[in-house]
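**Q** next input, structure requested:
(one chain, ligands or ions: 2)
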Amino acid sequence: MAIADPIDEAAVKFVNSPHKILIGSDWVDAASGKTFETYNPATGEVLANVAEGTSEDIDRAVKTARATFDAQTWTKMKPNERSRIIHRIGDLMLEHADELAALESLDNGKPLAIARAADVELAADIFHYMSGWVTKIEGNTIPISVPYMPGAEFHAYTLKDPIGVVGQIIPWNFPLLMAAWKLSPALAAGVTVILKPAEQTPLSALRLAELILEAGVPPGVVNVVTGAGDAGAALAAHDDVDKVAFTGSTEVGKEIVRAAAGNLKKLTLELGGKSPNIVFSDADMETAIPGAANAIFFNHGQCCSAGSRLYVESKDFDDVLQGVTDHAKSIKVGSGQDPQTEMGPLVSQEQLDRVCGYFESGRDEGAEFATGGQRKGDKGYFVEPTVLTHTNPNMKVEAEEIFGPVVTVSPFKNADDVMPTANTSTYGLAAGVWTKDISKAHRIAKQLRAGTVWVNCYNVFDASLPFGGYKESGWGREMGHEVLNNYLEVKSVVTQL
Ligand code: NAP
Ligand code: MG
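**A** Numbers count the residues shown, from 1 in each chain. Ligands and ions are numbered 1, 2, ... in the order given. Model prediction:
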């Protein structure tokens with residue numbers, strides 16, 4: 001177990017402890033007895049061995065989640081008590097913030113300081129935010145008319161009912177934050193959960209599950225089955241699962257849609273993106289240029305919302321290209337545990353191969369590299385921050401989600417010229433607009449076919465703000481009070497008086 005030296009002691013202890021599956025109150029080995037290895041992306045060395053759950057373990061976890069849901073173990077607790085427990089999860093996360101950040105940095109590769117300042121803070125915050133909703137999940141009284149029953153009188157109202165047993169499948173780019181985005185509304189709504197973390201990054205979700213039990217969530221409400229894609233597939237296909245919430249690739253999202261057809265389970269999908277970021281000449285370039293660079297390079301470009309298609313009004317094209325290129329060249333790439341590091345390694349060998357494949361594809365299709373385009377070093381999964389020009393929407397590098405620190409930069413004449421190109425993608429997750437003209441900003445924001453539009457900023461997330469995609473970027477929304485509807489059924493109750 002090779003771990004960089006100056007790292008949180010509690011995190012090292014956790015990494016070196018056994019990593020099992022959580023079913024009810026029990027931490028158990030996989031039914032097969034097998035484990036899989038996770039790697040430190042900065043070195044490519046083995047970090048931990050983790051129980052390799054498969055369909056048998058998923059089945060056991062679903063049975064426990066079903067029994068816990070049917071027993072109403074969680075929902076029969078008073079809302080204010082559940083609220084306090086969910087709030088306590090957020091508190092415990094902040095108490096263990098350094099440990100969680102260290103786990104995230106080791107497992108995913110991201111810089112420790114960023115994991116601490118962004119991932120852990122946001123993850124704790126959504127538990128605090130969602131805790132407030134438990135006491136506010138309300139139905140309505142509805143004045144019904146029933147025209148074919150003249151003279152009859154009714155009292156009608158709606159109830160919001162937890163949806164039942166929920167499978168949650170999450171990716172590796174923000175392992176702790178994605179677990180928090182999924183688990184916090186589920187707990188607020190009163191469902192029971194089987195969480196399947198990504199095989200590359202299971203550690204922080206396992207530690208979070210310990211904190212969830214410590215906070216007082218009854219055993220069986222949250223179950224965690226670590227494993228590979230087949231464990232996720234078993235969850236998506238399981239007949240006793242009422243709903244699946246998935247974040248990951250559009251390709252797997254479509255497989256989940258097919259798997260869910262068996263029992264018509266409800267689905268929400270938060271999938272990929274290829275987000276346009278539009279810089280007008282009347283923007284404040286002092287914020288727009290670093291903003292455009294951060295839009296793509298934050299989290300090594302491993303963001304579903306990454307501003308990966310940069311469009312710049314022609315007369316400022318050269319300046320913005322130069323500025324973003326200089327920014328890319330200045331980024332300190334290194335181990336996430338090195339305090340100087342601004343960009344860590346990609347998460348895995350698979351992602352390294354994938355991103356390097358796009359470098360090749362860009363070269364083959366005639367893109368020009370303003371900077372980058374290579375793997376960095378020969379140890380760990382590092383790549384150079386990369387800026388491409390001379391691309392078009394038919395080229396793979398401008399059409400497909402790369403999920404790495406690679407941006408295409410293209411000129412445009414005016415708003416009418418850029419809008420069709422900006423909306424041309426099969427994705428519709430996010431978009432950015434940079435201008436000082438507020439009318440133009442809001443007009444463009446309205447025209448963009450994207451679930452989030454950032455004006456003069458990028459990658460701004462908040463627990464209270466819905467996030468999700470148009471088109472092939474998904475179904476439904478995460479966060480805000482919108483997300484609670486994903487976990488609630490609406491029941492109409494009608495009484496004739
Ligand atoms: P992925 O395969 O979609 O993985 C996401 C989650 O789904 C993981 O927990 C994964 O398990 C699980 N999974 C895999 N196959 C499944 C199946 N057939 N049924 C149910 N669950 C399944 O994503 P990836 O392969 O790690 O990354 C590939 C690409 O997806 C990236 O390059 C990027 O383009 C995109 N991506 C998008 C997001 C996002 O936030 N929207 C996040 C990550 C990746 P395993 O971990 O075992 O595979
Ligand atoms: Mg995969």
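
**Q** I'd like the next helix or strand past the strand or helix carrying residue 411.
**A** Counting by DSSP states H and E, the element that carries residue 411 is strand 406-412. Next along the chain after strand 406-412, taking DSSP H and E as the criterion, comes helix 415-422.

**Q** now do the buried residues in that next one.
**A** When neighbours are counted by 16 or more other CB atoms under 10 Å, the buried residues of helix 415-422 are found to be 415, 418-419, 421-422. No exception for glycine: its C-beta is placed from N, CA and C like everyone else's.

**Q** save the residues you listed as a markdown table, and put in distance to ligand 1 and pLDDT too.
**A** Formatted as a markdown table, the entries for the buried residues of helix 415-422 read as follows, by distance: CB to the nearest ligand atom, whole Å; pLDDT from 0 to 100:
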| residue | distance to ligand 1 | pLDDT |
| --- | --- | --- |
| 415 | 28 | 96 |
| 418 | 24 | 97 |
| 419 | 24 | 97 |
| 421 | 21 | 97 |
| 422 | 20 | 98 |
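
**Q** farthest-apart pair in those, please.
**A** Looking at these by CB to CB, the two members farthest from one another are 415 and 421, with 11.1 Å of separation.

**Q** now do the phi/psi pair for residue 177.
**A** Recorded main-chain torsions at residue 177 are phi -60, psi -40, according to degrees, to the nearest 10.

**Q** hang on, the earlier thing: want to throw the buried residues of helix 415-422 into a markdown table with distance to residue 101?
**A** Compiled in a markdown table, those are given as follows (distance: CB to CB, whole Å):
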| residue | distance to residue 101 |
| --- | --- |
| 415 | 41 |
| 418 | 39 |
| 419 | 40 |
| 421 | 39 |
| 422 | 35 |
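
**Q** between the strand holding residue 411 and helix 415-422, how big is the angle?
**A** Going by axes from the mean of the first three to the mean of the last three CA atoms, to 10 degrees, strand 406-412 is angled at 150 degrees with respect to helix 415-422.

**Q** can I get strand 406-412 as PDB, trimmed to CA atoms?
**A** Written as PDB, here are the backbone C-alpha positions of strand 406-412 (Å, rounded to 0.1, in the frame of the first residue of the first chain):
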ATOM      1  CA  VAL A 406      -9.000  19.100 -23.700                       C
ATOM      2  CA  VAL A 407     -10.800  22.200 -25.100                       C
ATOM      3  CA  THR A 408     -11.500  23.100 -28.700                       C
ATOM      4  CA  VAL A 409     -11.500  26.800 -29.500                       C
ATOM      5  CA  SER A 410     -13.400  28.200 -32.500                       C
ATOM      6  CA  PRO A 411     -14.200  31.700 -33.800                       C
ATOM      7  CA  PHE A 412     -17.700  33.000 -34.500                       C
END
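
**Q** partners of that strand, with directions?
**A** Neighbouring strands of strand 406-412 in its sheet, by DSSP bridges, are strand 309-313 (parallel), strand 386-389 (parallel).

**Q** gap between the last one and the chain center?
**A** Yep, that's strand 386-389 we're talking about. Strand 386-389 sits 25 Å away from the centroid of its parent chain (CA atoms, centre = their mean, to the nearest Å).

**Q** please save the CA atoms from it in CSV.
**A** Listed next in CSV are the C-alpha coordinates belonging to strand 386-389 (Å, rounded to 0.1, in the frame of the first residue of the first chain):
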residue,chain,number,x,y,z
THR,A,386,-4.6,20.7,-24.1
VAL,A,387,-6.0,23.4,-26.4
LEU,A,388,-7.1,22.6,-29.9
THR,A,389,-8.0,24.8,-32.9
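
**Q** residues in contact with the closest residue to ligand 1 within the stretch 101-250 of the chain?
**A** Closest to ligand 1 within the stretch 101-250 of the chain is residue 232: 2.3 Å, counting by CB to the nearest ligand atom. Residues counted as contacts of residue 232 (CB atoms under 8 Å, 6 or more residues apart in numbering) are 169, 196, 246, 252, 256.

**Q** what's the closest non-adjacent residue to the residue in the stretch 351-497 of the chain positioned nearest to ligand 1?
**A** Across the stretch 351-497 of the chain, no residue is closer to ligand 1 than residue 403, which sits at 3.6 Å (CB to the nearest ligand atom). Leaving aside its chain neighbours, residue 403 sits nearest to residue 302 (5.5 Å; criterion: CB to CB, 6 or more residues apart in numbering).

**Q** count residues in the vicinity of that neighbour, would you?
**A** By the other CB atoms under 10 Å criterion, the neighbourhood of residue 302 contains 23 residues.

**Q** please apply the same query to the one 3 residues further on.
**A** The criterion is other CB under 10 Å. On that basis, residue 305 has 26 neighbouring residues.

**Q** so it sits right up against residue 277, yeah?
**A** No: with contact defined as CB atoms under 8 Å, residue 305 does not count as touching residue 277 (10.2 Å).

**Q** in this structure, what spans have low per-residue confidence?
**A** For the chain, applying pLDDT under 70 flags the ranges 1-6.

**Q** hey, where'd the strands end up in the stretch 101-250 of the chain?
**A** Per DSSP state E, counting those that start in this stretch, the stretch 101-250 of the chain carries strands over the ranges 141-142, 154-162, 165-169, 192-196, 222-224, 243-247.

**Q** who in the stretch 101-250 of the chain is up against ligand 1?
**A** 169-173, 196, 198-200, 228-229, 232-233, 236, 247-249 (CB under 6 Å from any ligand atom).

**Q** mind doing that once more with 5 Å?
**A** Contact residues of the stretch 101-250 of the chain with respect to ligand 1, defined by CB under 5 Å from any ligand atom, are listed as 169, 171, 173, 198-199, 228-229, 232-233, 236, 248-249.

**Q** same question for the stretch 251-400 of the chain.
**A** Within the stretch 251-400 of the chain, the positions adjacent to ligand 1 are 252, 255, 272, 304 by CB under 5 Å from any ligand atom.

**Q** which SS class is the third one?
**A** Put simply, residue 272 is coil when judged by DSSP: H, G, I helix; E, B strand; the rest coil.

**Q** which residues touch the nearest residue to it once chain neighbours are set aside?
**A** Among residues not flanking residue 272 along the chain, residue 401 sits closest, at 4.3 Å (CB to CB, 6+ apart). If you count contacts by CB under 8 Å, 6+ apart, residue 401 has them with 249-250, 272-274, 304, 308, 427.

**Q** of those residues, buried ones?
**A** Neighbour counting with 16+ other CB under 10 Å marks 250, 272-274, 304, 308, 427 as buried within these.

**Q** which one among those gets closest to residue 347?
**A** Distances from residue 347 to the buried ones among the contacts of residue 401, taken as CB to CB, are shortest for residue 304 (13.7 Å).

**Q** which residues touch that closest one?
**A** With the criterion set at CB under 8 Å, 6+ apart, residue 304 makes contact with 173, 247, 270-273, 401, 429-430, 473.

**Q** can you tell me how far the residue lying closest to residue 206 once chain neighbours are set aside is from residue 120?
**A** In space, residue 206 comes closest to residue 19 once its chain neighbours are excluded; the distance is 5.8 Å by CB to CB, 6+ apart. Note on residue 19: its distance to residue 120, by CB to CB, to the nearest Å, is 20 Å.

**Q** give me the phi and psi for the residue nearest to residue 25 when sequence neighbours are not counted.
**A** Sequence neighbours aside, residue 219 is the residue nearest to residue 25 in space, at 3.5 Å (criterion: CB to CB, 6+ apart). Backbone dihedrals for residue 219, given as degrees, to the nearest 10, come out at phi -60, psi 140.
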